[in-house]
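A.B. asks: got a predicted structure here, sequence first:
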Amino acid sequence: ADNNLDPHVWLDFSKAQQMVDSIKASYQAIDPANYDYYQTNADNYKKKLVALDSEYFTGLKNCRFKGFISGGHNTFNYLAKRYGLDYKAAQGFIPDSSVDTEKVLALSQELKDKKEPYVYYEELIMPYLAEILHQESGARIMPLNAAHNVARYDIENGVNFIQLMEANLKTLRLGLECR
């Protein structure tokens, strides 16, 4: 996939740090009286992103499977590239109703051939393509969160980006059979 078209840049946590710097600089320019406040918050959040990045490198280093297939739209390229994983998705970058049947069949065959135990879908999006891949290959389905949407109950419970990504890491470690 062409990462130049991929908007999901925040799923590479080194790039997410750059986003934090950009946001911080904008706030500091608009509200210079609170310059230090924005600096401190940005520095603290970037430390969390550095730790998360390290957790992913360590957690995905020794896995039986080196790639994953999503029955959703093409979301996790940045994450896969950052951590040396092969990634394929059933749809393009924008979720839509058009389905490339040949692509879905090829992904299903790949799941069977590699004996991959899981196919993934995006939380908060109907997993109909993941269900088709499940039915065709026998691979079980598991959710990953791309953090474009956050469920109301997550917001109400104070769930944040770091927590969502930590949950993704647990899911990937289980699905990729990591040690």
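C.D. replies: Everything's here; your move.
A.B. asks: surely residue 88 is in contact with residue 109?
C.D. replies: No - applying CB atoms under 8 Å as the test, residue 88 and residue 109 come out as separate, 11.8 Å apart. Quick note: C-beta positions are derived from backbone N, CA and C, even for glycine.
A.B. asks: okay, the two: which has more neighbours?
C.D. replies: A side-by-side neighbour count of residue 88 and residue 109, using other CB atoms under 10 Å, places residue 88 first with 18 against 12.
A.B. asks: ok so the more buried one is a strand residue?
C.D. replies: Yes - note on residue 88: a strand contains this position according to DSSP: H, G, I helix; E, B strand; the rest coil.
A.B. asks: look up the closest residue to it, ignoring the ones flanking it.
C.D. replies: Excluding the flanking residues, the one nearest residue 88 by CB to CB, 6 or more residues apart in numbering is residue 69, at 5.0 Å.
A.B. asks: one more: residue 138?
C.D. replies: Per CB to CB, 6+ apart, closest to residue 138 is residue 112, 7.3 Å.
A.B. asks: looks to me like the residue nearest to residue 88 is in a strand.
C.D. replies: Yes - Residue 69 forms part of a strand when assessed by three-state DSSP.
A.B. asks: contacts only, for it.
C.D. replies: 87, 88, 89, 90, 107, 110, 111, 116, 119, 120, 133, 139 (CB atoms under 8 Å, 6 or more residues apart in numbering).
A.B. asks: how far away is the fifth one from residue 143?
C.D. replies: Put plainly, it is residue 107. Separation of residue 107 from residue 143 (CB to CB, to the nearest Å): 17 Å.
A.B. asks: remind me which residues of the protein are low pLDDT?
C.D. replies: Along the chain, the model assigns pLDDT under 70 to residues 1-4, 94-98.
A.B. asks: pull out the buried positions in stretch 42-62.
C.D. replies: Residues of stretch 42-62 classed as buried: 42, 45, 46, 48, 49, 52, 53, 56, 59, 60 (neighbour count, 16 or more other CB atoms under 10 Å).
A.B. asks: just the ones of those in helices?
C.D. replies: When DSSP state H is applied, the buried residues of stretch 42-62 are split such that 42, 45, 46, 48, 49, 52, 53, 56, 59 fall in helices.
A.B. asks: settle it for me: which of residue 107 and residue 143 has more neighbours?
C.D. replies: Ranked by neighbour count (other CB under 10 Å), residue 107 and residue 143 place residue 107 first, with 24 against 16.
A.B. asks: right, and the pair among the ones in helices among the buried residues of stretch 42-62 with maximum separation?
C.D. replies: Using CB to CB, those reach their maximum pairwise distance at 42 and 59, which is 25.3 Å.
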